[in-house]
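A.B. asks: Have a look at this prediction, sequence included:
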Amino acid sequence: MRVELVSDTQHESLIDLLRELHTFYNEGSVAPREVVREHLLENLLAVGSPHRLVVASGNDGGVVGLAAITLVYSLVDFAAEKRKQCQLKELYVKASERSQGVGKALMSWVARYAFENGCCRIDWPVKASNARGISFYEALGAGRVADRLSYRLSEPNMSQLACESTGA
């Protein structure tokens, strides 16, 4: 297995994995291949994208796992050894490849990348119902952040709030 930043030759198999990821989060919904390709090339891998896509590939070169990461600077920790952090937006392993070391290999790559880039920590969200993922993360030595909650502002409340800020 190889773990590296995604290359042009891996785009097609990454599209397959992203479609599987979409179905995983959207219970049976299937994203059209062309829509996923467009999003990958025009957004996720665009020159200005803050994300770095890390992939694990099998012997045949096909992508079997993905980690999406962003390096960020803290707004509250100013000390040089605490200010740079790594955000893990997504970790996903193809269903048929789980429990075979792919997730650990991806997390090891991410940890090395974060360390080599001066990051003091890696943070990520996980669904509260993802018991298997939580168990995996804890086995890596990660601890649950007890004093943080996750919030989301979606439509129609987001546009309503946006209109209030412009006076529209």
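C.D. replies: Yep, that arrived.
A.B. asks: what's the first-to-last distance across stretch 34-46?
C.D. replies: One end of stretch 34-46 sits 16 Å from the other (C-alpha to C-alpha, to the nearest Å).
A.B. asks: Name the residues of that stretch that are buried.
C.D. replies: 36-37, 39-40, 44-45 (16 or more other C-beta atoms under 10 Å). Just so you know, the C-beta spots here come from the backbone N, C-alpha and C atoms, and that holds for glycine as well.
A.B. asks: what does stretch 46-55 give?
C.D. replies: Buried-residue list, stretch 46-55, by 16+ other C-beta under 10 Å: 52-55.
A.B. asks: what does stretch 157-165 give?
C.D. replies: Buried residues in stretch 157-165 (16+ other C-beta under 10 Å): none.
A.B. asks: same question, stretch 80-95
C.D. replies: For stretch 80-95, by 16+ other C-beta under 10 Å, it's 83-88, 91-94.
A.B. asks: picking that back up, and which of the buried residues of stretch 46-55 is nearest Gly141?
C.D. replies: Val54 (19.3 Å; C-beta to C-beta).
A.B. asks: ok, now how distant is the closest one from Ala79?
C.D. replies: Per C-beta to C-beta, to the nearest Å, Val54 is found 27 Å from Ala79.
A.B. asks: now do Leu5
C.D. replies: Taken as C-beta to C-beta, the span from Leu5 to Ala79 is 29 Å.
A.B. asks: Counting neighbours around each, name which of the two comes out higher.
C.D. replies: Legend: neighbour count by other C-beta atoms under 10 Å for Leu5 and Ala79, higher for Leu5 (12 against 8).
A.B. asks: Kindly provide the distance from that one to Val93.
C.D. replies: Leu5 is 17 Å from Val93, by C-beta to C-beta.
A.B. asks: Enumerate every residue touching Gln10.
C.D. replies: When contacts are counted by C-beta atoms under 8 Å, 6 or more residues apart in numbering, Gln10 is found next to 55, 57, 61, 63.
A.B. asks: Nothing else from me, thank you.
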